[in-house]
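Student: need a structure here:
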Amino acid sequence: MSKTIPTQRRAAGSRAKPAPDPAANGGSPVSAQAILRELSDAGVPLGAAEIAARLRVGKKERRAFDECVAILERDGKILVNRKGELCIAAKLDLVTGTIQGHPDGFGFLVPDAGGDDLFLSPREMHKALHGDRASAKIVGVDRRGRPEGEIVDVLLHANREVVGRIHEERGVWFVEAENRRINQDLIVPPDERNGAQTGQVVVVEIIEHPSAHREAIVRVKEVLGSATDPGIEIEIALRKHALPFEWSAAAKRQTARLPDAVRPADRKGRSDLTALPLVTIDGENARDFDDAVYCEPDGDGWRLIVAIADVSHYVRDGDALDGDARERGTSVYFPRRVIPMLPEALSNELCSLKPEVDRLCMACDMRIDARGEIASYLFYPAVMHSRARLTYTQVHAWLMAGAGDGRTGTAPPALRKHLAHLHALYKVLFAARERRGAIDFDTPELAIEFDAQGRIARIVPAPRNDAHRLIEECMLAANVCASRLLEENEQPALHRVHEPPPPDKLAALREFIAGSGLSLSGGDSPTARDYAALIGRIRDRSDFALLQTVLLRSLAQAQYSPDNVGHFGLAYETYAHFTSPIRRYPDLLVHRAIKGVLARKRYTPTGMTWAELGVHCSMTERRADDASRDVLQWLKCNYMSDKVGETFPGTISGVASFGIFVTLDGLDIDGLVHVTELPRDYFHFDAVRHALIGERTGRVFQLAGRVNVKVVRVDLEQAKIDFTLDESAAPVTVAPGPAHPTYVQPLGRSDRSSRDRPPRARKPRRGAAS
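Tutor: You can find the predicted model right below:
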């Protein structure tokens, strides 16, 4: 077959000079630095006009001067005293930070500079809302010995709109926020109700923010509907988590100008991969196909090509679509609805690697040796033509049907050899993974099936199979190569980093497992191989679920950062996300950085620094996770609402001073057994042992313990389920596995990247401050 494919790794070329550091405009009389310097030199508070005069700010510069003052005040670097004079906040012994509310009415100020959080009493929290930036002074310590603060000034209001339920009591209309961290009632004047009826879900706009002596005043901007309307949980989540879900007018205009297919001009400068039998392998409901794969023997090793949709060809740095994609950061998957990072004309059509059509791609062409190590790699832009859209279920069935003779069973003849090669390569790559010591938590997975109204119909097992793992290993290899290329050519980019366990969590882990006669090797700096070895030693123990859960909770959370510290869980020295640019903004940035290397130019994104992009993209990932989790939690509560009084076996998945959280077998639905529902005794919380221990009876309720529980209450409004122990039921003796199964939801596509971060362990979510 004819094909034009580079056969040698392209030289990275001369190394680009570092981008110049933007001038900090410190020489300008209207710079923030100049204002701070003048205040510092004066040694006393000064009025704005006095500072402007000292800096010789002219009329033309006065607007810029006022903007600098506003920015300094917003950032908490200066404050205005009662005389209207500007003061340096650091000299006032004030702490500046972000307010974090608690559902029980109190809160904390999380300092910008780090250190201990300041406890804020309910009275102080009446002055502000969750998420606001404020300055506070330390006024003492609370009954737990924590520093206690008093809010001096609210620097920036974080909430412009709030979603919640509207209620009426004695003629007073108010809104209770869906975000329980906003504990205050929001007062709705009678003429600002906009026709909303009690109990409806509404979006309100804040007219007046709260103060020490006044509630927040709001107007109803939009009535979303009844709390039981189909899909209302998604509408709530979108607004509660401030997820962008409408395209800007400029992005719509740009989308309308996109072509329907690959044009001749688009093919220039690209390798031709259209003759290769590349295929996509995804979930049954996937519509956005980011990646395709091809494999063939190469001497005693393998040649693997991972072709990824070339989104960066159509979405350029700084254009309207890029602005919307950056704001979203990632696609968000809900039941029967996706909030895509890119318009469907791109995500499901022009960029999607659909079968039997030409598509632009970025290819990672790798040579992998017999031991599964990457011997060489090459990146290049190309044109491809997918031969088939395959599913994990199909491929797994074909692989298993031919397992006896090493072929691929009933797969179409044109694909049998190709899939057999991929499967053989997977076994080599997986063996290399085990030698590397990557952590592989044994987490059973479930799939949720939904009815026509978007409600849960049933929850069924969805074990990962060799087809999932095959694609996962191919994607991991391409991601490693992308990170290596960027590192070797000193091109800044966002890496996917997973730091080693924090010292405090590591110490708590060692103390806990020592009680089970175990130890974690590696001293103060254990590696992933040390974790993997310990998991291997405990896999057959009866307390495996408990020990694995505690191991999991000792790990840090993966995030995006330009500082490459490696990926602890995967045991990689360097790692980046390259394989999903349709639905993850960091991947799109990595594509642009790679193209910069190929063009021997330095790519620098517009508008934000790499560090700022890392923080932003990590935030949008967490935001999407939280929104999806909220929707699923509400749906699970709805599913359980007709099961009050029924008994279920379960596993203790969280322990706190106020009770135990129990996850029901085979459902991944959890609820709280409050400490008052435990057998009559005084129970004391042991944080090291993750247990509640009875003072009189000595009875222990420990993480991963097995219990029978009865459903006693389902609160749809707060999306909470309450259990009580049912000790009349038959004892639970066989644990089903770890207490933290991971969802594989049929919500549009599988998240094949989720395995680069450890499954998130459950933590106590409600009750007293803990």
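Student: who does the host helix or strand of Arg165 touch, helix- and strand-wise?
Tutor: Using DSSP states H and E, Arg165 falls within strand 161-169. Judged by 3 or more C-beta pairs under 8 Å, 6 or more residues apart in numbering; DSSP states H and E, the packing partners of strand 161-169 are strand 172-177, strand 186-188, strand 201-208, strand 216-225, helix 232-240. From N, CA and C alone the C-beta is placed, and that goes for glycine too.
Student: State the paired neighbours of it in the sheet, together with their directions.
Tutor: strand 172-177 (antiparallel), strand 201-208 (antiparallel) (DSSP bridges).
Student: now stretch 316-334, how far from the centre of its chain.
Tutor: How far stretch 316-334 lies from its chain's middle: 15 Å, per C-alpha atoms, centre = their mean, to the nearest Å.
Student: Report the buried residues of stretch 425-443.
Tutor: Within stretch 425-443, the residues scored as buried using 16 or more other C-beta atoms under 10 Å are 425-426, 428-430, 432-433, 436-441, 443.
Student: still on that earlier bit, and the strand holding Arg165, which residues are buried?
Tutor: Val162, Val163, Gly164, Arg165, Ile166.
Student: just stretch 559-573 next, same as before
Tutor: Result for stretch 559-573 [16+ other C-beta under 10 Å]: buried residues Gln559, Tyr560, Ser561, Pro562, Asn564, Gly566, His567, Phe568, Gly569, Leu570, Ala571, Tyr572.
Student: go on, stretch 607-617?
Tutor: Trp610, Leu613, Gly614, His616, Cys617.
Student: Which single one of the residues you listed is nearest to Arg600?
Tutor: Set against Arg600, the nearest of the buried residues of stretch 607-617 by C-beta to C-beta is Trp610 (19.6 Å).
Student: Quick check: that closest one vs Gly698, distance?
Tutor: 55 Å (C-beta to C-beta, to the nearest Å).
Student: in the sheet, who's paired with Val163?
Tutor: Val203.
Student: residue contacts, it?
Tutor: Contacts here follow C-beta atoms under 8 Å, 6 or more residues apart in numbering; on that basis Val163 touches Ala177, Glu178, Asn179, Val201, Val202, Val203, Val204, Leu224, Ile236, Arg239, Lys240.
Student: any chance you could map the helices in the stretch 251-400 of the chain?
Tutor: 320-328, 344, 392-401 (DSSP state H, counting those that start in this stretch).
Student: Redo these as a markdown table? Include mean neighbour count.
Tutor: Converted to a markdown table, the helices of the stretch 251-400 of the chain look like this (neighbours: other C-beta atoms under 10 Å):
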| stretch | mean neighbour count |
| --- | --- |
| helix 320-328 | 21 |
| helix 344 | 14 |
| helix 392-401 | 19 |
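Student: Val95 touches Leu109, doesn't it?
Tutor: Yes - with contact defined as C-beta atoms under 8 Å, Val95 counts as touching Leu109 (6.4 Å).
Student: So which of these two has more stuff around it?
Tutor: Between Val95 and Leu109, Leu109 has the larger neighbour count (other C-beta atoms under 10 Å), namely 28 against 25.
Student: What pLDDT is listed against the more buried one?
Tutor: pLDDT, Leu109: 95.
Student: chain center to stretch 663-681: distance?
Tutor: Using C-alpha atoms, centre = their mean, the offset of stretch 663-681 from its chain centre is 27 Å.
Student: what ranges do the helices span in the stretch 401-550 of the chain?
Tutor: Along the stretch 401-550 of the chain, the segments classed as helices by DSSP H, counting those that start in this stretch run 413-436, 466-488, 503-514, 528-538, 544-553.
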